[in-house]
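> need coordinates for the below:
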Amino acid sequence: MSWTQHVPYVLEQDEDGVWCASAQLRPGVGAVGDGLTAEAAVEDLRQALIALIEEVGPSPELTVTVDVA
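Next up, the predicted model:
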């Protein structure tokens, strides 16, 4: 099964020049990524979100259960 989940994120550069990306999958459940470039930080965040979704499942706000008789 393949699906797409859009997760808003924040991208910032710290005082040392390292890029940091963060996102919340749902309240209290989030992930972070970092890198030397903005693109590397977003990719690191993407990998962290994939691992998080595999561990805790997709956000309940994005899932629907349908019983078909």
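> need the contact list for the residue nearest in space to the middle of the chain.
By Cα atoms, centre = their mean, the chain has its centre lying nearest to residue 49, at 3.6 Å. Shown in contact with residue 49 (Cβ atoms under 8 Å, 6 or more residues apart in numbering): 7, 23, 25, 31. C-beta: built from backbone N, CA, C; applies to glycine.
> mind checking how far the second one is from residue 68?
With distances defined as Cβ to Cβ, to the nearest Å, the gap from residue 23 to residue 68 amounts to 34 Å.
> for residue 34, helix, strand, or coil?
What DSSP: H, G, I helix; E, B strand; the rest coil gives for residue 34 is strand.
> let me know the pLDDT of it.
As predicted, residue 34 sits at a pLDDT of 97.
> look up how far residue 59 lies from it.
From residue 34 to residue 59 the distance is 23 Å (Cβ to Cβ).
> would you map the helices across the protein?
38-56 (DSSP state H).
> where does it have low pLDDT?
For the chain, applying pLDDT under 70 flags the ranges 1-3, 60-67, 69.
> what is the neighbour count of the nearest residue to residue 23 once chain neighbours are set aside?
Nearest residue to residue 23 in three dimensions, chain neighbours excluded: residue 9, at 3.9 Å (Cβ to Cβ, 6 or more residues apart in numbering). For residue 9, the number of neighbouring residues by other Cβ atoms under 10 Å comes to 17.
> contact partners for residue 9?
Contacts of residue 9 by Cβ under 8 Å, 6+ apart are 21, 22, 23, 42, 45.
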